[in-house]
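Student: requesting a structural model of the entry that follows:
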Amino acid sequence: MPRHLLLWDGACGFCRRAVESVRRRDRNNRFEIVPYQQAAAPPMTPELAAACGKALHVLTADGQVLRAGRASLFVLGETGHPWLARLLGLPPMVWLVELGYAIVARNRAFFSRLLPKRR
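Tutor: Model (predicted):
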């Protein structure tokens, strides 16, 4: 089965912890998880790299490019919570997901301090 490519900011500690959580939940090995700084070209392009520096991206097995909140919802759905991802993907909920994602993305250092330390 083809895998989805999850591109994340390998220089971001907050992102690293989020990706560790995805890896633990990806029991069916649906994702190839790669820091965008290490992604091969193609699919990586200068434009995609610039976008990945600002938000999580998923390149789905069927060719869709998802970013930010919608990418997060896709990951949520693929890792065991499809009903919740569908619900949060409906307007106006998806707008709130995108707003929340934007706030966290702009303040990753602050939110990273709020997370419990991994042992």
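Student: list the buried residues of stretch 75-94.
Tutor: Using 16 or more other CB atoms under 10 Å as the test for burial, stretch 75-94 gives 75-79, 85, 88-89. Glycine gets a C-beta too; all of them are placed from N, C-alpha and C.
Student: determine which two of those residues are furthest apart.
Tutor: The span of the buried residues of stretch 75-94, defined through CB to CB, is set by Thr79 and Gly89 at 14.8 Å.
Student: how close does the residue most central in space within the chain get to Ser72?
Tutor: Note on the chain: the residue nearest the mean C-alpha position is Leu56, at 4.0 Å, using CA atoms, centre = their mean. Remark: distance between Leu56 and Ser72 (CB to CB, to the nearest Å) = 6 Å.
Student: residues contacting Ser112?
Tutor: Residues in contact with Ser112 (CB atoms under 8 Å, 6 or more residues apart in numbering) are 13-14, 17.
Student: do the same with Glu98
Tutor: 68-70.
Student: give me that answer again for 7 Å
Tutor: Contact analysis of Glu98 by CB atoms under 7 Å, 6 or more residues apart in numbering lists 68-69.
Student: now name the helix or strand holding it.
Tutor: Element membership for Glu98 (DSSP states H and E) is helix 93-106.
Student: that helix - what's its average pLDDT?
Tutor: Across helix 93-106, pLDDT averages out at 97.
Student: so after it, what's the next helix or strand?
Tutor: Counting by DSSP H and E, the next helix or strand C-terminal to helix 93-106 is helix 108-114.
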